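> Sequence and predicted structure below; questions after.
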Amino acid sequence: MRETSAGGQAAFSPLVVIPVYDHEHAIGAVVQGVLASGLPCLLVDDGSHPACAQVLRALAHARPDQLSLLRLDVNQGKGGAMLAGFAEAARRGYSHVLQIDADGQHDPADIPRFEALARQHPTAVICGIPAYDDSVPKARLYGRYATHIWVWINTLSLQIRDSMCGFRLYPLAPVTRLVGEETIGRRMDFDSEILVRLFWRDVPVISLPTRVTYPSDGVSHFDVWRDNVRISRMHTRLFFGMLRRAPRLLWRRAAGSAPA
């Protein structure tokens, strides 16, 4: 249930949003873990094929008190699904959105840790830092470092320690303002871009280590060629955006408001 302040405005009231595209074999266990946290959950069906769509409908039907379903008829990409989830969370009056992937790589048992830290820092993004086991593909592991370096360049800071982990908790108000004013990548470029752009807007980013495995159903929608090209283009856009903001970012760093 959403908490409200004395003035009737939403206080700390998080909604879990799970973007789902054809993860019918893993999503049941993910949902079970999420609901064990006691938080309400929204499944965003990102144009899944019938087998997955049927599983999602059955899950939502079985737990209508905690679980709801938003269906996108055409696949929008992970970012597009999350943008739809943000809009729905705002429409329902939630204050925060906790994002977790549908493929089982994140541990829902860590949700209370994200929630507790967000309660202490309600204006910050609480961003997971993966603690990998041996299941992580080495190419994916090493490839992440290129993005880490670009993010550090584009923020002139080391504060964002990992921008690619899809397990994070957002304050909804600054996210809503951002997506209303700027275009955010709608596919695998989403996670890094939205974090950098929120950082540029003075939204604090707090890192939280969390266990990550790869993935329980063996399904990954990361397209090595297309998504790497898309991510490279995103970093280029952000680089030129950073150049315009460099004086202010450097001033923030010197003033100590964005420690490296």
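Sure thing, it's come through.
> Buried by neighbour count: which residues of stretch 13-29 qualify?
Residues 13-27 are the ones in stretch 13-29 that count as buried (16 or more other CB atoms under 10 Å). All C-beta atoms are positioned from the backbone trio N, CA, C, and that covers glycine.
> again, but for stretch 98-114
98-108, 110-111, 113-114.
> which outside residues touch stretch 103-112?
16, 23, 26, 29-30, 32-34, 36-37, 39, 98, 100, 128, 166-167, 208, 210-217, 219-220 (CB atoms under 8 Å, 6 or more residues apart in numbering).
> where does residue 183 land on pLDDT?
Per-residue pLDDT puts residue 183 at 86.
> And what about it, helix, strand or coil?
Under DSSP: H, G, I helix; E, B strand; the rest coil, the three-state class of residue 183 is coil.
> neighbours around it, how many?
Residue 183 sits with 9 neighbouring residues when counted by other CB atoms under 10 Å.
> Now do the contacts for it.
Residues near residue 183 by CB under 8 Å, 6+ apart: none.
> and what of residue 60?
Residue 60 touches 43, 67, 68, 69, counting by CB under 8 Å, 6+ apart.
> make it 6 Å
67, 69 (CB atoms under 6 Å, 6 or more residues apart in numbering).
> How are the strands of the chain distributed by residue range?
Remark: strands assigned in the chain by DSSP state E are 14-20, 41-46, 67-72, 96-99, 125-132, 168-171, 205-212.
> related to what we said a few turns ago, in helices only, show me the contacts of stretch 103-112.
Among the contacts of stretch 103-112, the members found in helices (DSSP state H) are 29, 30, 32, 33, 34, 36.
> Output the below-cut-off pLDDT ranges for the stretch 151-260 of the chain.
215-229, 257-260 (pLDDT under 70).
> before we move on, back to that, if any of the contacts of stretch 103-112 are buried, give me the ChimeraX selection for them.
To isolate the buried members of these in ChimeraX, using 16+ other CB under 10 Å:
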select :16,23,26,30,33,34,37,39,98,100,128,166,167,208,210,212,213,214,215,216,217,219
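> I'd like to know how far the nearest residue to residue 75 once chain neighbours are set aside sits from residue 80.
Closest residue to residue 75 apart from its sequence neighbours, by CB to CB, 6 or more residues apart in numbering: residue 47 at 3.5 Å. According to CB to CB, to the nearest Å, residue 47 and residue 80 sit 9 Å apart.
> These two: which has the busier surroundings?
residue 80 (21 against 18).
> residues in contact with the more buried one?
Residue 80 sits next to residue 186 when contact means CB under 6 Å, 6+ apart.
> go on, residue 116?
Contact analysis of residue 116 by CB under 6 Å, 6+ apart lists nothing.
> State the pLDDT value of it.
pLDDT recorded at residue 116 is 97.
> cool, residue 74 as well?
94.
> What of the one 3 residues further on?
Looking at residue 77, its pLDDT stands at 91.
> Quick check: closest non-adjacent residue to it.
Going by CB to CB, 6+ apart, residue 77 has residue 187 as its nearest residue, at 3.5 Å.
> what do you get for residue 162?
residue 129 (4.7 Å).
> count of neighbours near the one you found?
For residue 129, the count of nearby residues is 13 (other CB under 10 Å).
> I'd like the distance between it and residue 246.
Distance, residue 129 to residue 246, using CB to CB: 26 Å.
> Distance check, residue 129 against residue 116.
As judged by CB to CB, residue 129 and residue 116 stand 16 Å apart.
> whoops, residue 105 was the one
For residue 105, the distance to residue 116 - CB to CB - is 22 Å.
> give the contact list for the closest residue to residue 192 other than its chain neighbours.
Closest residue to residue 192 apart from its sequence neighbours, by CB to CB, 6+ apart: residue 163 at 4.1 Å. By CB under 6 Å, 6+ apart, the residues touching residue 163 are 151, 192, 195.
> Look at residue 4 and report its pLDDT.
pLDDT, residue 4: 48.
> can you count the residues close to residue 92?
Neighbours around residue 92, by other CB under 10 Å: 14.
> Same check on residue 248?
If you count neighbours by other CB under 10 Å, residue 248 ends up with 12.
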